[in-house]
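[1] Sharing a sequence plus its predicted fold:
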Amino acid sequence: MLDDPRTALWLPPLALAGCVRAAMLRDTRGRGLDAAQRENYFPATPLVSLVWWHEGGSEWLATPGFSVPPAVQLQAPIVVGGPFTLPSHTRNPGDIHAFKLLLLADAFVALTGVAVDRLVNRTVDARELLPPDWLDWAQAMAAVPDDAARLALLEAFLLPRWQALGDQRPGQRYAAWTEALALRAATSAAGRSLRQLERRIKAWAGLPMRELRAVSRAERAFYAVAAAEGGPVNWADIAAESDYADQPHLCRETRRLTGFSPGELRRRIAAEESFWAYRLWRD
């Protein structure tokens, strides 16, 4: 279980499931976390994030095997982050209160008109990227008094815009979303060569199909391990059930996407505060 109920995962209503993956709420004020506990580990992700820093901030750490810190550490109250092909390792200098919205990349493109491929492996000040109506909303989100009010404002803003698109997209899991993207690319517009399909998918998601499928496999493996509830795990069976070629394939991709071997990742999720983001999804 998580150490504090102020770290929470919010899942969207069904009407927004094809647009919003989740929101992560993190409030460490008054917990007295030490330096190691204020570190944060995040996996590679195909999602676009919007982060509101209500108190405190974060700095990128230069860790081998993880995403490269920007040349200048971004300090902004509202940040947009793109899909990341490597895991990330950050640290909070002190207490924080933050709200992180996770959007499916193609939904973000459709709703904002922002090209997601320019965001891959980057974080950007929201004021430099979002269209005017989104920026007004983001600033209103920063001004409301608590997370419950922010969630209500989030739904009020996104739901009518999402419904106005008239687009039906799949729900929460990456696998369904990935395959739906492939089908959509194959059946939309003229020209269906493999290269054209890949270009279309990358324009919508920011990442090539092979990367999206790697994340889909990793998600299936993650939930299979979580289902073991601390008991023994047969990694060869997990690999087979999650569409890896074999156990070494599972190990290589897990290390690339998270920075750790499957066994070490499982141990650290269970034991270390800095893996709170993984525990949100597991619990």
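    Sure, I can see it.
[2] hey, let's count contacts and neighbours off CA atoms from now on
    Fine.
[3] pLDDT below threshold where in the stretch 151-283 of the chain?
    167-208 (pLDDT under 70).
[4] where exactly do the helices run in it?
    Taking DSSP state H, counting those that start in this stretch, the helices of the stretch 151-283 of the chain run over residues 174-187, 194-205, 209-227, 235-241, 247-258, 262-271, 276-282.
[5] Show residues contacting the fifth one.
    So that's helix 247-258. The contact list for helix 247-258 (CA atoms under 8 Å, 6 or more residues apart in numbering) reads 42-44, 65, 85-87, 214-215, 218, 235-236, 239-240, 244, 260-262, 265.
[6] From the residues you listed, list the buried ones, please.
    42-44, 65, 85-87, 214-215, 218, 235, 239, 244, 260-262, 265 (16 or more other CA atoms under 10 Å).
[7] With just CA atoms, put stretch 94-111 into PDB.
    The C-alpha atoms that make up stretch 94-111 are tabulated as PDB, following Å, rounded to 0.1, in the frame of the first residue of the first chain:
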ATOM      1  CA  GLY A  94      11.600  19.800  -0.700                       C
ATOM      2  CA  ASP A  95       7.900  19.200   0.000                       C
ATOM      3  CA  ILE A  96       5.600  19.200  -3.100                       C
ATOM      4  CA  HIS A  97       2.000  19.400  -4.000                       C
ATOM      5  CA  ALA A  98       1.500  18.500  -7.600                       C
ATOM      6  CA  PHE A  99      -1.200  17.300 -10.000                       C
ATOM      7  CA  LYS A 100      -0.300  15.300 -13.100                       C
ATOM      8  CA  LEU A 101      -2.800  14.700 -15.900                       C
ATOM      9  CA  LEU A 102      -2.000  11.900 -18.300                       C
ATOM     10  CA  LEU A 103      -3.600  12.100 -21.800                       C
ATOM     11  CA  LEU A 104      -3.500   9.700 -24.700                       C
ATOM     12  CA  ALA A 105      -1.300  11.300 -27.300                       C
ATOM     13  CA  ASP A 106      -3.700  11.200 -30.200                       C
ATOM     14  CA  ALA A 107      -6.400  12.700 -28.100                       C
ATOM     15  CA  PHE A 108      -4.100  15.600 -27.100                       C
ATOM     16  CA  VAL A 109      -3.300  16.200 -30.800                       C
ATOM     17  CA  ALA A 110      -7.000  16.200 -31.800                       C
ATOM     18  CA  LEU A 111      -8.000  18.500 -28.900                       C
END
